[in-house]
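J.: Got a sequence here, can you model it:
(one chain, ligands or ions: 1)
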Amino acid sequence: MRSLHNYIKNKLQKFGALHLSLLDPVSTSFKDLPRYIDIISKSGSDIIMVGGSTVIDQEHITNFVISIKELCDLPVILFPNNISSITNKADAIWFMSLLNSLNPYYITGAQMLAAPYVKKYGPEPLSMAYLIIGEGQTAGFVGEAKGIPLDKPELAAAYAAAAEIMGFKYVYLEAGSGAKQSITPKFVKIVRSMIDDIILVVGGGIRSGDIAYKLVKAGADLIVTGTILEEGGKLEEIVEMVKKGGEERLNDPSA
Ligand code: 1GP
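T.: Take a look at the predicted model:
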């Protein structure tokens, strides 16, 4: 079985940055799924993420992932909000620790409960330090996060550096799904300056190709968008600009 982590690393070496499309099984009906998958496939998005911050049961998420797999060949990564949203029908799972939560359940508790299942049945775990920036919308509320202020990027940079030292493979700067404002390129640049090999993921409130491009140029490796699909926005333009930024970064890493 191929490793999705290696797949992501190889694609990053080739394209400089990737785009991930988030589908929330709570707000996306099975009826809408074929239309969404069609838009995602045509946009050139690289990976589908499945998850949301509110309650979902294992049977629903399993059927949701199976349906996606029947509709396209893109890899699927689970983005769980709790131990109930795990299924080995996906290719991988963001095995996340919400480092700036005030509740240890979201830092190590849920992970302890989930690990035996994931070790035994899969899917491939991709270790990720998850950081809520600002209020973080539903994810910030549910995860009891002490959100990092948008004007304090140095705090996120310190967390990201800690994540790298602790051995996480990915760090996710999350403004929260549907956030009015995304994390700024300046914020990302400061975080990037503190880390080396850990893969930097940025999401929440990204609604234009221009901002996606600037975030990649500032150092984001993976760009996540979700709401734009539900709002009927131009996913294709965002993906195109992610790839443009990635290509430019590969050609001139100092830019
Ligand atoms: C949420 O960052 C993702 O975890 C996506 O956010 O829905 O605002 O694109 P949006």
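J.: is it true that residue 159 touches residue 129?
T.: Yes. Between residue 159 and residue 129 there is a contact at 7.0 Å, judged by C-beta atoms under 8 Å. In short, each C-beta sits where N, CA and C put it, glycine included.
J.: anything in contact with each of these two?
T.: 99, 171 (C-beta atoms under 8 Å, 6 or more residues apart in numbering).
J.: With neighbour numbers in mind, choose between these two.
T.: A direct count of neighbours by other C-beta atoms under 10 Å for residue 159 and residue 129 places residue 129 higher, at 25 against 20.
J.: helix/strand/coil for the more buried one?
T.: With DSSP: H, G, I helix; E, B strand; the rest coil as the basis, residue 129 sits in strand.
J.: With adjacent residues omitted, what lies nearest to it?
T.: Among residues not flanking residue 129 along the chain, residue 163 sits closest, at 3.4 Å (C-beta to C-beta, 6 or more residues apart in numbering).
J.: what does residue 250 give?
T.: Per C-beta to C-beta, 6+ apart, closest to residue 250 is residue 16, 4.1 Å.
J.: That neighbour and residue 253 touch, don't they?
T.: No. Residue 16 is beyond contact range of residue 253, at 9.1 Å (criterion: C-beta under 8 Å).
J.: And those two? Which one has more around it.
T.: Legend: neighbour count by other C-beta under 10 Å for residue 16 and residue 253, higher for residue 16 (21 against 9).
J.: Contact partners for that one?
T.: Listed by C-beta under 8 Å, 6+ apart, the contact set of residue 16 reads 216, 243, 245-250.
J.: which SS state does the residue in the stretch 51-200 of the chain positioned nearest to the ligand fall under?
T.: Minimum separation of the stretch 51-200 of the chain from the ligand (C-beta to the nearest ligand atom) falls at residue 177, amounting to 3.5 Å. Three-state assignment for residue 177 (three-state DSSP): coil.
J.: Quick one: the helices in the stretch 51-200 of the chain, in order.
T.: Residue ranges of the helices in the stretch 51-200 of the chain, as given by DSSP state H, counting those that start in this stretch, are 58-71, 109-121, 137-142, 153-166, 185-192.
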